[in-house]
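Q: coordinates only, no sequence provided:
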């Protein structure tokens, strides 16, 4: 299976139509063909940086760094925020 990404709005627009057929299988085939014809999109990944909060324990697990994009705490040795996916290599 291909992992192309498409715009949700483009998918809605491509499938909101008066079908050419009355047979449900043909309608589904037409929807599939319209979705396959949409261009794939590559979302832009957010850039972020770890904020050192010194000692701020969360329960029994120590996560001293906070993502400046979403505010979740994690270990700073990660290249990406495990919560929002921001790229932490290089900061903002």
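A: Structure received. Just so you know, these numbers come straight off a predicted model, no measurement behind them. Residues are numbered from 1 along each chain as shown.
Q: give the buried residues for the host helix or strand of residue 32.
A: For residue 32, the element it lies in under DSSP states H and E is helix 24-36. In terms of neighbour count (16 or more other CB atoms under 10 Å), helix 24-36 has its buried residues at residue 34. All C-beta atoms are positioned from the backbone trio N, CA, C, and that covers glycine.
Q: what's that helix in contact with?
A: 6, 11, 14-15, 17, 19-21 (CB atoms under 8 Å, 6 or more residues apart in numbering).
Q: now the buried members of the residues you listed.
A: Buried subset of the contacts of helix 24-36 (neighbour count, 16+ other CB under 10 Å): residue 14.
Q: please flag which of the contacts of helix 24-36 sit within helices.
A: Those of the contacts of helix 24-36 mapping onto helices are 11, 14-15, per DSSP state H.
Q: ok, so of these, who is nearest residue 42?
A: Distance to residue 42, by CB to CB, is smallest for residue 11 among the ones in helices among the contacts of helix 24-36, at 16.0 Å.
Q: pLDDT weak spots in the chain?
A: For the chain, applying pLDDT under 70 flags the ranges 1-3, 54-63, 76, 91-92.
Q: could you list the domains of it?
A: The chain breaks down into these domains under automatic domain parsing: 1-42, 44-92.
Q: which of these sits most buried?
A: domain 44-92 (a mean of 14; mean count of other CB atoms under 10 Å).
Q: before we move on, back to that, tell me the helices and strands packed up against the very next helix or strand once past the helix holding residue 32.
A: Remark: after helix 24-36, the chain's next helix or strand is strand 50-52, criterion DSSP H and E. The helices and strands touching strand 50-52, judged by 3 or more CB pairs under 8 Å, 6 or more residues apart in numbering; DSSP states H and E, are strand 65-67.
Q: what's near enough to touch residue 74?
A: 50, 63, 65-67, 81-83.
Q: how close does it get to residue 44?
A: 22 Å (CB to CB, to the nearest Å).
Q: next one: residue 53
A: 27 Å.
Q: and what of residue 14?
A: 22 Å.
Q: no more questions from me, cheers.
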